[in-house]
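# Can you look at this prediction? I've put the sequence above it.
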Amino acid sequence: MLDLQYQTIRANGIDFNVAVAGSGDRLALCLHGFPELSYSWRHQIPLLVDLGYRVWAPDLRGYGGSSRPVGVSAYALDQLVADVAALIQVSQAKDVLLIGHDWGAMIAWNYAMSATAAISRLIIMNAPHPALLAKGLRTLRQRKKSWYMYFFQIPWLPEWILSRRGAAAIGRAFHGMAIDKSRFPEDLLRVYREAASQPGALTAMINYYRAAFRGHQRRMPSQRINVPTLMLWGELDAALGKELTFGTDRYVRDLTLRYLPGVSHWVQQEAPETVNAMIEAWLKSGKVPEAPALP
């Protein structure tokens, strides 16, 4: 278990608990997903430091040690995108690599599409472009996979279920969906379960989905993304179908897309060696190897 170092960084009017490493003017800003934490980037942080980046991996608003604003509207997408803009501004970095997984990747997609985006590269993991997700959610196949998004619209009941027995359901979300379950031992699951058990944490985490469904945000920009983008996708994602990646090149001018066979939604935690090799190759030369074939 990597012992990360944390700082409290004030941005967009709230406090973020941020795992920090490295130094310099080149920032790698890593955004985690649901129901994760900054700790989900533990395998990538040392690599990014070795590649010359100062790394910030915040607990997103509502998560872990970061502030938990009250109310569904506080978790609207425009607020989440504003968090990214504010963190980048506070960092005073001259060059920014933005990395996101799951919800963090949805935020990263939307930030990258904004007219004021200040990044030079983008890495996306297991989250489709917002336009392709919207299209996919019109199909019965994806709606079945995304059943939990609809369940989360119910008041208080999701929090009650997820909180029972020390947030055991949070641990099951990782272990149950993972293909290589050895990557999610009990001591790791305890990190996520304890964070979710903090007062107000589960409501804040679920409010991301409630805000997305309830129209609390303004329509986000949808301009074509021009920065070089690496998209990594665990093919055995139980929540998001691989077909949601088809056509991403229509929205991204310079796209490198790699699939990881035999890997679940938790791609950077379950297959860190392959993910890190792909990130390093892309950042150094732009030439990214294919994932190893399954035996």
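Cool, got the structure. What you see is a predicted model, and the numbers here were worked out from it, not measured in a lab.
# and G100, helix, strand or coil?
Put simply, G100 is strand when judged by DSSP: H, G, I helix; E, B strand; the rest coil.
# ok, now which ones touch it?
Residues in contact with G100 (C-beta atoms under 8 Å, 6 or more residues apart in numbering) are 30-31, 33, 106-109, 123-125, 127. Quick note: C-beta positions are derived from backbone N, CA and C, even for glycine.
# could the residues you listed go into TSV alongside distance to D95, secondary structure and neighbour count?
Listed next are the contacts of G100 as TSV, based on distance: C-beta to C-beta, whole Å; DSSP: H, G, I helix; E, B strand; the rest coil; neighbours: other C-beta atoms under 10 Å:
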residue	distance to D95	secondary structure	neighbour count
C30	15	strand	27
L31	17	strand	28
G33	24	coil	24
M106	23	helix	25
I107	20	helix	23
A108	16	helix	28
W109	20	helix	27
I123	14	strand	26
I124	19	strand	28
M125	21	strand	26
A127	23	coil	26
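# I'd like those as JSON lines, with distance to Y208 and pLDDT appended.
Formatted as JSON lines, these follow (distance: C-beta to C-beta, whole Å; pLDDT from 0 to 100):
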{"residue": "C30", "distance to Y208": "17", "pLDDT": "98"}
{"residue": "L31", "distance to Y208": "12", "pLDDT": "98"}
{"residue": "G33", "distance to Y208": "10", "pLDDT": "98"}
{"residue": "M106", "distance to Y208": "9", "pLDDT": "97"}
{"residue": "I107", "distance to Y208": "9", "pLDDT": "97"}
{"residue": "A108", "distance to Y208": "14", "pLDDT": "97"}
{"residue": "W109", "distance to Y208": "14", "pLDDT": "97"}
{"residue": "I123", "distance to Y208": "20", "pLDDT": "98"}
{"residue": "I124", "distance to Y208": "17", "pLDDT": "98"}
{"residue": "M125", "distance to Y208": "17", "pLDDT": "98"}
{"residue": "A127", "distance to Y208": "13", "pLDDT": "97"}
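# low-scoring stretches of the stretch 151-295 of the chain, by residue?
216-222, 295 (pLDDT under 70).
# if you set the cut-off to 90 instead, what comes out?
Scanning the stretch 151-295 of the chain for pLDDT under 90 picks out the ranges 213-224, 285-287, 289, 292-295.
# And the strands in it?
In the stretch 151-295 of the chain, the strands defined using DSSP state E, counting those that start in this stretch lie at 229-234, 255-260.
# Indicate which one of these is closest to G241.
G241 lies closest, by C-beta to C-beta, to one member of these: strand 229-234, at 10.3 Å.
# how close does A178 sit to A115?
Separation of A178 from A115 (C-beta to C-beta, to the nearest Å) stands at 38 Å.
# Those two: which has the busier surroundings?
Between A178 and A115, counted using other C-beta atoms under 10 Å, A178 has the larger neighbour count: 20 against 6.
# Let me have the contacts of G100 in TSV, adding distance to L60 as columns.
As requested, the contacts of G100 are exported to TSV (distance: C-beta to C-beta, whole Å):
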residue	distance to L60
C30	11
L31	7
G33	9
M106	11
I107	8
A108	11
W109	15
I123	17
I124	16
M125	15
A127	14
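# quick revisit: among the strands of the stretch 151-295 of the chain, which is the most enclosed?
Among the strands of the stretch 151-295 of the chain, strand 229-234 has the highest mean neighbour count (mean count of other C-beta atoms under 10 Å), at a mean of 25.
# now for that strand, which elements pack on it?
Packed against strand 229-234 by the contact rule (3 or more C-beta pairs under 8 Å, 6 or more residues apart in numbering; DSSP states H and E) you find strand 121-125, strand 255-260, helix 267-270, helix 272-284.
# contacting residues for W233?
Contacts for W233 were tallied using C-beta under 8 Å, 6+ apart; they are 125-126, 242, 245, 257-260, 267.
# what's the lengthiest helix in the chain packed up against?
Counting by DSSP state H, the longest helix found in the chain is helix 157-177. For helix 157-177, the packing partners by 3+ C-beta pairs under 8 Å, 6+ apart come out as helix 186-196, helix 201-213.
# Identify the residues contacting it?
With C-beta under 8 Å, 6+ apart as the test, helix 157-177 has contacts from 35, 151-152, 181, 184, 186, 188-190, 192-194, 196-197, 202-203, 206, 238-239, 264-266, 269.
# ok, of those, which come out buried?
Among those, those classed as buried by 16 or more other C-beta atoms under 10 Å are 35, 152, 184, 188-189, 192-193, 196, 202-203, 206, 239, 264-266, 269.
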